[in-house]
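Participant: one predicted model, sequence on top.
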Amino acid sequence: MSAPRPLVVALYEQASVGCGGAPGLWTHPTDDRVGVNSLDRWRHVATTAQQAGLHALFLADVLGLYDVYEGSLDAAIGEAVEAPANDPFAYVPALAEVARDLAFVVTASTTYEHPFSLARRFATLDHLTGGRIGWNVVTSYLESAARSFGLEAQLAHADRYGRADEFLHVTHQLWETSWDDDAVVADKAGATWARPGSVRAVHHDGEHFRVHGPALTSPSPQRTPVLFQAGWSPRGREFGARHGEVLLLPVADPVKIRGGLDDVRGRAAALGRDPGDLRALALARVVVGRTEAEAQAKHEDLQSTYRLRAQLVSYSGDTGIDLSRYADDEPLSTVTNGLSSYVLKAGPGSPPLTAGEVRQRFSSVARGGDLFFVGTPDQVADAMGEHAAAAGLDGLILNPLLSPGTLEDFAELAVPALTARGLYDPAVKTGTLRSRVRGDGRDRLHPSYPALQPR
């Protein structure tokens, strides 16, 4: 039997008090998310993640407030459900300076950004960090975001993905074709910074965008930031097969994960990609203690400040369905422009959940169908390795229930046990984010990537 490959591990965070992974646990006495506006709080998170050898800090984001539950903003603001929603881009330069080897993945929406300005922003960050940047590509799902950007309602699901396809087409032209690799010569004696004729405008006239300028930034270390993508619907899988480099999996069942990955990789192969080029990470919650009793005590302690209402506010915002209006025995509507997979029992074609089933699913911090590891360092490490092998995963995104406590416990207790099993490399990571995630030293997109093929 071959030795296990070290897992890719990133830390999930959000520039909010009520982080999406645990919206009510900010009230726990040891949680410091109320310091969301303090750079000192974020410096500690970033430096701890770097010292623990994590591959990246993953910054989630939303562009609206969760105003579905009870038909009001009040519940979301009171419970701090993904609120406030600070701009994650603003944190990266400051944190990249204090954690000079940590990589960063930033969430940005193809529905409410413009490809020209976003390409410039990502390329600038990639330059300033020496290639430590990734983009979590999202299409957004909140009606409140649509209204804030001047729309009557959010775009339909298919239209959001159509816009996203075109968005990626434009950004790839700007990143990959507008400047030659050897355009910049920086010749002081010859008074020539870039070779004449080495920079060209892109000419795009599409359904959603018209772009006729050259990229404003020279080629960055990665050119294209590492592309993360989490869509799991049929249309989301098609998008991931075409554009994704790292797939983020919103399911816990290893059989469903492996089946879904086989589907996405099959779609990628049909597009001419090397299916082995795609990496897969699952979101995981971890509670680890020195003894089994200590781990269980930590787990039970979380329940003391767990707030079901906050979780229901989050669920209502995600799906666009106001759970406060449903009796326990009522099935949820499947007519939604939100995250429709959250409404069904087991995926496309399955019956809808009832409101009571949702409330029961989220009745404790251990519920919800999330990937959850609780135990001693050895128990957690064994379970992580077994799950990754069964599901065909390349790694995990650590979803901290408490911040910074979950990260600190993982670094102190879980990392040594994972390392002893060959499942983790505790060394501080160096090089570009793409080279870290791929593990083969490659800084640029794989040659089979569709955007690199002749048009």
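Facilitator: Sure, I can see it.
Participant: what residue is smack in the middle of this protein?
Facilitator: Asn136 (5.1 Å; Cα atoms, centre = their mean).
Participant: before we move on, which element is it in?
Facilitator: According to DSSP states H and E, Asn136 maps onto strand 133-138.
Participant: strand partners (parallel or antiparallel) of that strand?
Facilitator: Strand 133-138 sits in its sheet next to strand 103-109 (parallel), strand 226-229 (parallel), going by DSSP bridges.
Participant: now tabulate those in TSV and tack on mean pLDDT, mean neighbour count and distance to Glu386.
Facilitator: Where C-beta positions appear, they are placed from N, C-alpha and C, glycine not excepted. Below are the strands paired with strand 133-138 laid out as TSV (pLDDT from 0 to 100; neighbours: other Cβ atoms under 10 Å; distance: least, Cβ to Cβ, whole Å):
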stretch	mean pLDDT	mean neighbour count	distance to Glu386
strand 103-109	98	25	26
strand 226-229	98	26	25
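Participant: residues in contact with Gln296?
Facilitator: Gln296 makes contact with 289, 374 under the criterion Cβ atoms under 8 Å, 6 or more residues apart in numbering.
Participant: circling back to that earlier point, quick one: contacts of the strand holding Asn136?
Facilitator: For strand 133-138, the external contacting residues (Cβ under 8 Å, 6+ apart) are 56, 58-61, 92, 103-110, 122, 125-126, 164, 168, 222, 225-230, 243-244, 246, 248, 433, 437.
Participant: for that strand, which residues meet the burial criterion?
Facilitator: Within strand 133-138, the residues that count as buried by 16 or more other Cβ atoms under 10 Å are 133-138.
Participant: go ahead and produce PDB holding the CA coordinates of that strand.
Facilitator: The C-alpha coordinates for strand 133-138 follow below in PDB (Å, rounded to 0.1, in the frame of the first residue of the first chain):
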ATOM      1  CA  ILE A 133      -3.600  34.400  -4.000                       C
ATOM      2  CA  GLY A 134      -6.700  32.400  -4.900                       C
ATOM      3  CA  TRP A 135     -10.200  33.400  -6.000                       C
ATOM      4  CA  ASN A 136     -13.300  31.700  -4.600                       C
ATOM      5  CA  VAL A 137     -15.600  32.200  -7.600                       C
ATOM      6  CA  VAL A 138     -19.200  32.700  -6.500                       C
END
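Participant: ok so, going back, give me the beta-bridge partners of the residue nearest to the centre of the chain?
Facilitator: With DSSP bridges applied, Asn136 shows beta-bridge pairing to Thr107, Phe228.
Participant: tell me the spacing between Ala282 and Leu155.
Facilitator: According to Cβ to Cβ, to the nearest Å, Ala282 stands 28 Å off from Leu155.
Participant: following the longest helix that the chain contains in sequence, what is the next regular element?
Facilitator: Counting by DSSP state H, the longest helix found in the chain is helix 157-176. Downstream of helix 157-176, the first helix or strand assigned by DSSP H and E is strand 184-187.
Participant: what's the mean pLDDT across that next one?
Facilitator: Mean per-residue pLDDT for strand 184-187: 96.
Participant: helices or strands up against that strand?
Facilitator: strand 192-194 (3 or more Cβ pairs under 8 Å, 6 or more residues apart in numbering; DSSP states H and E).
Participant: how about the strand it packs on: buried residues?
Facilitator: For strand 192-194, a neighbour-count test (16+ other Cβ under 10 Å) marks Ala194 as buried.
Participant: show me the contacts for Pro377.
Facilitator: For Pro377, the contact set (Cβ under 8 Å, 6+ apart) comprises 288, 290, 413-414, 416-417.
Participant: separation between it and Val45?
Facilitator: 22 Å.
Participant: how about Val380?
Facilitator: Taken as Cβ to Cβ, the span from Val380 to Val45 is 21 Å.
Participant: now do Pro426
Facilitator: 18 Å.
Participant: ok, Val251 next?
Facilitator: For Val251, the distance to Val45 (Cβ to Cβ) stands at 27 Å.
Participant: what about those two, which has more around it?
Facilitator: More neighbours surround Val45 than the other of Val251 and Val45, with 22 against 19 (other Cβ atoms under 10 Å).
Participant: any idea how far Thr406 is from the more buried one?
Facilitator: On the measure of Cβ to Cβ, Val45 and Thr406 end up 11 Å apart.
Participant: repeat for Thr430
Facilitator: Shown here: Thr430 relative to Thr406, a distance of 25 Å by Cβ to Cβ.
Participant: looking at the two, which is more packed in?
Facilitator: Taking neighbours as other Cβ under 10 Å, Thr430 and Thr406 compare with Thr406 leading, 25 against 12.
Participant: I'd say that one and Ala414 touch.
Facilitator: No - using Cβ atoms under 8 Å, Thr406 is not in contact with Ala414; the gap is 10.0 Å.
Participant: so what sits against both of those two?
Facilitator: Residues touching both Thr406 and Ala414 (Cβ under 8 Å, 6+ apart) are Val286.
Participant: who are the contact partners of Val92?
Facilitator: Neighbour list for Val92: 59, 104, 106, 125, 129, 133 [criterion: Cβ under 8 Å, 6+ apart].
Participant: does Gln296 sit in a helix, a strand or a coil?
Facilitator: Of the three states, Gln296 takes helix under DSSP: H, G, I helix; E, B strand; the rest coil.
Participant: burial check on Arg359, number of neighbours?
Facilitator: Using other Cβ under 10 Å, Arg359 has 18 neighbouring residues.
Participant: which of the residues in the helix or strand harbouring it are buried?
Facilitator: Using DSSP H and E, Arg359 falls within helix 355-361. Across helix 355-361, burial judged by 16+ other Cβ under 10 Å covers 355, 358-359.
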